[in-house]
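Engineer: got a sequence here, can you model it:
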Amino acid sequence: MDGGAITTKKKILIIEDEQALRMLYKQILTDAGYEIIEAGEGEGGIDAILDNKWDMVLLDIMLPKKDGLQVLRDLKEYEGWKKGPVVLLTNLNSEEIISNAFELGADGYLIKAEIQPDKLVEEVEAFFEKKPIAPQQ
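Structural biologist: From the prediction side, this is the model:
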């Protein structure tokens with residue numbers, strides 16, 4: 001084992017129903033040195049949030065079975081569930097939805113249509129540093 005190497009990877013839970021997008025995010029973030037946990041829908045996402053150790057959640061709002069906002073509502077029942085930033089993935093640029101998400105415990109959001117693959121790592125790192133990058137206009 002290399003004594004100078006970082007021994008713990010940050011774990012990111014991606015809850016996204018679009019498999020191609022989930023796999024793209026997974027590949028980009030794995031290449032950047034993150035460990036990825038995946039869920040393809042809201043109910044499975046809740047289980048993954050409660051069952052896994054993670055450092056960040058990337059949570060799609062539009063999910064089958066339970067949408068991202070309902071996932072956040074349901075998690076209110078579980079004390080201590082939050083271990084790191086919860087960042088919403090959305091194409092809905094609705095102030096009401098975003099405001100509601102923040103009230104439910106989200107730390108930020110990314111507009112999926114505006115995320116360039118080469119910028120995803122930069123965005124994730126900014127959330128880890130608690131300095132979210134403003135969505136591009």
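
Engineer: so the residue most central in space within the chain, which of the three states?
Structural biologist: The centroid of the chain falls nearest to L58 when counting by CA atoms, centre = their mean (0.9 Å). The three-state label given to L58 by DSSP: H, G, I helix; E, B strand; the rest coil is strand.

Engineer: can you give me the helices in the chain?
Structural biologist: With helices called from DSSP state H, the chain shows them at 19-31, 42-51, 68-75, 95-103, 117-128.

Engineer: can you put these in TSV and add mean pLDDT, distance to I12 and mean neighbour count?
Structural biologist: (Each C-beta comes from the backbone N, C-alpha and C, glycine too.) TSV is the format used below for these (pLDDT from 0 to 100; distance: least, CB to CB, whole Å; neighbours: other CB atoms under 10 Å):
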stretch	mean pLDDT	distance to I12	mean neighbour count
helix 19-31	95	6	15
helix 42-51	93	11	18
helix 68-75	95	15	21
helix 95-103	90	18	14
helix 117-128	89	7	15
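
Engineer: may I see those helices arranged in TSV, with distance to K82 as well?
Structural biologist: Listed next are the helices of the chain as TSV, based on distance: least, CB to CB, whole Å:
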stretch	distance to K82
helix 19-31	20
helix 42-51	9
helix 68-75	8
helix 95-103	13
helix 117-128	13
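
Engineer: which of those sits closest to K83?
Structural biologist: Nearest of these to K83, taken as CB to CB: helix 42-51 at 8.7 Å.

Engineer: give me the helices and strands touching that closest one, please.
Structural biologist: Secondary-structure packing of helix 42-51 (3 or more CB pairs under 8 Å, 6 or more residues apart in numbering; DSSP states H and E): strand 11-15, strand 35-39, helix 68-75.

Engineer: between the helices of the chain, which one is nearest to L110?
Structural biologist: Using CB to CB, the nearest of the helices of the chain to L110 is helix 117-128, at 5.9 Å.

Engineer: ok, and what's touching the closest one?
Structural biologist: Helix 117-128 is contacted from outside by 10, 12, 24-25, 28-29, 32, 34, 55-56, 58, 84-85, 87, 107-108, 110, 115, 132-133, using CB atoms under 8 Å, 6 or more residues apart in numbering.
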